[in-house]
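In: sequence plus the predicted model coming up.
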Amino acid sequence: MFMFAKILFHQEFSVTMTVQEAFSHSMHQVQSLYDSREAAAIANLLIEHITGLSRIDRVIYNNKPLEADQQARLESCIQQLLAHRPLQYVIEESWFYGMQFYVNEHVLIPRPETEELVQWVLEEQPVTPHATIIDIGTGSGCIPISIQKNWPAAKVYAIDVSEDALAVAQRNADKLQASVQFIGQDILQPGAMDQLPQFDIIVSNPPYIKEQESADMQAHVLQYEPALALFVPDTDPLLFYRTIAELGKEKLQPNGKLFFEINEAHGEDTMQLMRSLGYKNVILRQDIFGKDRMVCGML
């Protein structure tokens, strides 16, 4: 199929395409994988990435011809999309909390639901303006960077077991001029946070998808997003929540808070776990899609 698409590309566009032709062609190609609305959104982002022209700019410059290198990059991007590679990895960027983050296949693509987790944490700013905060399992760094940029008086740390992920996170912090201290550490190992200070807030979006759920997941997630950041054993779906909640008992200040993004199937289980460990005022919130997605508790 992909070879046919490549041949078709050369047959249709052996001469230079205009911006509008490039958009139409991109949309037509990815409609084999996505519905019309999503295909249009992907084509818009792809053409903006290739040309640097916003959607409004393209109304004016729709007949502007693509340069040769732009057309070659477009063909390459389309072939990657047809191989189910997510657009964010193809263009190496993803928007989160109003900022553009660099992403690659060493980190999860930031999700809109996680923006809601960040917003919930930021609601604590008037209460504890000079808070010390840590994000556990930081990936691209989207959570701690977004918190620090919107809470400049906070001292923000972030942990991840993957050195490749930490390199991405540090690149984003440098690009966005965010003061976050990144640490390579496996929180499943004893003493993982012994050398760190006490915190007012711990936040985490840990791996929470059970291995058995992979059968229902989309190909672009399974083939390209890092399994290390996605999956937990079927036999212990609360592994990271329990570990982090127990660490919180050691590292949270009095009245400190723990925020989790959770598997929608384990909202009540996570709340019960936190209460059993001594957390109080445990609250469950739903995301924009009406799914149980976030839990917060206080020590």
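Out: Perfect, thanks for sending it.

In: what helices and strands are in contact with the helix or strand containing K249?
Out: Per DSSP states H and E: K249 is located in helix 239-251. Applying 3 or more Cβ pairs under 8 Å, 6 or more residues apart in numbering; DSSP states H and E, we find helix 239-251 packed against strand 132-136, strand 199-204, strand 252-261, helix 267-276. (Each C-beta comes from the backbone N, C-alpha and C, glycine too.)

In: what about A153, neighbour count?
Out: Look at A153: counted by other Cβ atoms under 10 Å, it has 10 neighbours.

In: show me the contacts for it.
Out: When the contact criterion is Cβ atoms under 8 Å, 6 or more residues apart in numbering, the partners of A153 are P129, H130, A131.

In: 10 Å instead?
Out: Q125, T128, P129, H130, A131 (Cβ atoms under 10 Å, 6 or more residues apart in numbering).

In: what of V295?
Out: V295 makes contacts with 117, 241, 245, 258-262, 266-271, 273-274, 279, 282-285, as judged by Cβ under 10 Å, 6+ apart.

In: now swap in S54 and tell me
Out: Counted by Cβ under 10 Å, 6+ apart, S54 has contacts N44, I47, E48.

In: so who does the last one touch?
Out: E48 is in contact with F23, S54, R55, D57, R58, I91, counting by Cβ under 10 Å, 6+ apart.

In: quickly note the distance from the residue nearest the centre of the chain to A72.
Out: Nearest to the mean C-alpha position of the chain, counting by Cα atoms, centre = their mean, stands P110 at 1.6 Å. P110 sits 29 Å away from A72, taking Cβ to Cβ, to the nearest Å as the criterion.

In: please enumerate the helices of this structure.
Out: Remark: helices assigned in the chain by DSSP state H are 2-12, 19-30, 36-51, 55-60, 68-82, 87-91, 112-122, 142-150, 163-176, 219-224, 239-251, 267-276.
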